[in-house]
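>>> Structure of the sequence below:
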Amino acid sequence: MNIIDELAWRDAINQQTDAEGLKELTNEKSVSLYCGVDPTGDSMHIGHLIPFMVLKRFQLAGHRPVILIGGATGTIGDPSGRQSERSLQTLEEIQANVDALTAQLKKLFLTEGDNQMRMVNNYDWTHKINVIEFLRDYGKNFSINTMLAKDVVSSRLDSGISFTEFSYQILQSLDYLHLYQHEDVQLQIGGSDQWGNITSGLDLIRKKEGSEAKAFGLTIPLMLKADGTKFGKTAGGAIWLDPNKTTPFEFYQFWANTDDRDVVKYLKYFTFLSKERIDELAQKVETEPHKREAQITLAEEMTRFVHSEELLAQAQRITAALFSGDIKSLTADEIEQGFKEMPTFEATKEAKNIVDWLVDLGIVKSKRQAREDITNGAISMNGERVSDVGLEVTEEHAIGGRFIIIRKGKKNYSLVKMS
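Down below sits the predicted model:
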């Protein structure tokens with residue numbers, strides 16, 4: 001299957017500047033293509049992954065991906081999808097973010113062989129251009145009327161846009177021209193909000209290199225969940241690739257809890273499973289939705305891809321322990337991940353009667369209620385039912401010397417940190 005045909009089957013194409021020309025080119029040769037990300041933070045989230053998954057598919061099909069980190073454009077701020085100006089970062093902050101994103105992306109792409117991933121930073125060529133060169137050699141090729149008509153600018157005219165953000169599309173166009181001239185890049189891909197920036201880059205290439213220059217643009221559809229909300233956002237915020245911001249367990253659970261109406265779409269977008277396997281899982285969603293095989297497969301594939309086989313196994317251990325109640329099988333680090341969002345209490349390591357301990361922490365409201373709950377078998381500690389109201393809670397009860405997990409009833413978990 002040609003890469004363009006595969007993307008079409010996966011519903012991963014929104015717009016193309018020349019669909020027939022691009023398909024012909026990808027049949028003829030191994031194409032160099034690029035996708036960019038600005039270092040606005042020190043981690044990507046799963047929304048950023050969407051165009052990079054397409055880039056990865058091109059790589060697996062034998063094409064040559066170039067990843068652009070926007071060390072220069074990141075100092076300006078892309079106005080796409082925003083109704084207000086971005087807060088400018090310091091150069092030190094931007095460089096720290098560049099380093100973090102570079103390390104993150106290197107984990108996701110092949111870095112050896114003829115089609116190995118290449119990484120570039122647009123600061124390397126942009127910072128050498130002085131203001132006169134910028135205005136004469138590049139600004140002269142852009143019509144203000146055309147720039148104003150772009151959605152990314154026109155949507156901001158009422159609320160206001162600075163010359164700094166207005167000029168962003170010129171800098172991104174310059175990127176495409178530079179990569180076309182020096183890295184043989186003939187295709188830029190991006191989210192649907194990048195269409196105006198991509199076509200501006202193509203216009204600049206043709207003005208500089210001639211109207212017959214073979215350069216193309218492709219955008220990926222905006223992804224929305226079945227309920228109409230934006231993909232990748234939860235009540236707790238974004239789902240980050242950085243395990244320190246979103247733990248591998250939380251990452252796994254995000255995908256495992258995918259709505260039946262979305263799971264097949266996500267399998268197409270985010271996994272490298274075959275059409276046959278995805279069709280098989282789609283059938284399971286229809287006939288055996290209670291088994292959630294599609295969701296579990298999606299969670300496994302994504303956690304393995306972004307993190308590692310080892311961290312996938314850890315996320316699965318935490319999930320299994322929470323389901324079975326076998327809390328003692330977990331390490332302290334795994335408990336910290338699995339109970340991160342649970343109500344948390346602080347306790348000293350001083351020995352104390354279980355009744356007083358529960359009340360003093362605020363897990364149970366009164367001593368009478370605590371005694372009743374213990375007598376009725378409603379209190380469990382680290383997965384084991386507590387039946388003795390005279391039990392002394394000590395440091396020895398803490399898993400790894402750090403945590404005690406209390407369950408009240410069937411579902412009310414509390415994490416107690418011992419210090």
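>>> C-alpha only now, for contacts and for neighbours.
Will do.
>>> give the contact list for the nearest residue to Glu395 once chain neighbours are set aside.
With CA to CA, 6 or more residues apart in numbering as the measure, Lys349 is the residue that lies nearest to Glu395, at 5.1 Å, once sequence neighbours are left out. Residues touching Lys349, when contacts are defined by CA atoms under 8 Å, 6 or more residues apart in numbering, comprise 394-395, 418-419.
>>> Are we agreed that Lys349 is in a strand?
No. Judged by DSSP: H, G, I helix; E, B strand; the rest coil, Lys349 forms no part of a strand; its state is coil.
>>> Quick check: the gap between it and Lys417.
9 Å (CA to CA, to the nearest Å).
>>> do Ala61 as well
Using CA to CA, we find Ala61 at a distance of 49 Å from Lys417.
>>> quick one: Asp262 and Ala226 touch, right?
Yes. Using CA atoms under 8 Å, Asp262 is in contact with Ala226, at 6.1 Å.
>>> So what's the residue count around Lys140?
Burial of Lys140 is recorded as 10 neighbouring residues (other CA atoms under 10 Å).
>>> One more: Glu350?
The criterion is other CA under 10 Å. On that basis, Glu350 has 11 neighbouring residues.
>>> what's the nearest residue to it if we skip its chain neighbours?
Using CA to CA, 6+ apart, the nearest residue to Glu350 is Thr394, at 6.4 Å.
>>> how many neighbours does the one you found have?
Counted with other CA under 10 Å, the burial measure for Thr394 works out to 16 neighbours.
>>> I figured it hits Ala347, correct?
No. Thr394 is not in contact with Ala347 according to CA under 8 Å; the separation is 10.4 Å.
>>> which strands and helices sit next to the helix or strand Glu310 falls within?
If you go by DSSP states H and E, Glu310 is part of helix 309-324. When contacts are defined as 3 or more CA pairs under 8 Å, 6 or more residues apart in numbering; DSSP states H and E, helix 309-324 sits against helix 248-256, helix 293-306, helix 332-338.
>>> okay, those helices in a markdown table with mean neighbour count next?
A markdown table is the format used below for the helices and strands packed on helix 309-324 (neighbours: other CA atoms under 10 Å):
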| stretch | mean neighbour count |
| --- | --- |
| helix 248-256 | 22 |
| helix 293-306 | 21 |
| helix 332-338 | 18 |
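>>> Select, out of the ones you listed, the one closest to Gly70.
Shortest separation from Gly70 across those is recorded for helix 293-306, at 21.6 Å, computed as CA to CA.
>>> Convert the closest one to CSV, retaining C-alpha atoms only.
Provided in CSV are the C-alpha atoms of helix 293-306 (Å, rounded to 0.1, in the frame of the first residue of the first chain):
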residue,chain,number,x,y,z
GLU,A,293,-9.8,-5.7,24.0
ALA,A,294,-9.4,-2.7,21.6
GLN,A,295,-8.8,-0.3,24.5
ILE,A,296,-6.2,-2.6,26.2
THR,A,297,-4.4,-3.1,22.9
LEU,A,298,-4.3,0.7,22.3
ALA,A,299,-3.0,1.3,25.8
GLU,A,300,-0.3,-1.3,25.4
GLU,A,301,0.8,-0.1,22.0
MET,A,302,1.0,3.6,23.0
THR,A,303,2.7,3.0,26.4
ARG,A,304,5.3,0.8,24.8
PHE,A,305,5.9,3.3,21.9
VAL,A,306,6.2,6.4,24.1
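>>> what about the residue nearest to Glu350, distance to Lys328?
Using CA to CA, one gets 16 Å for the distance from Thr394 to Lys328.
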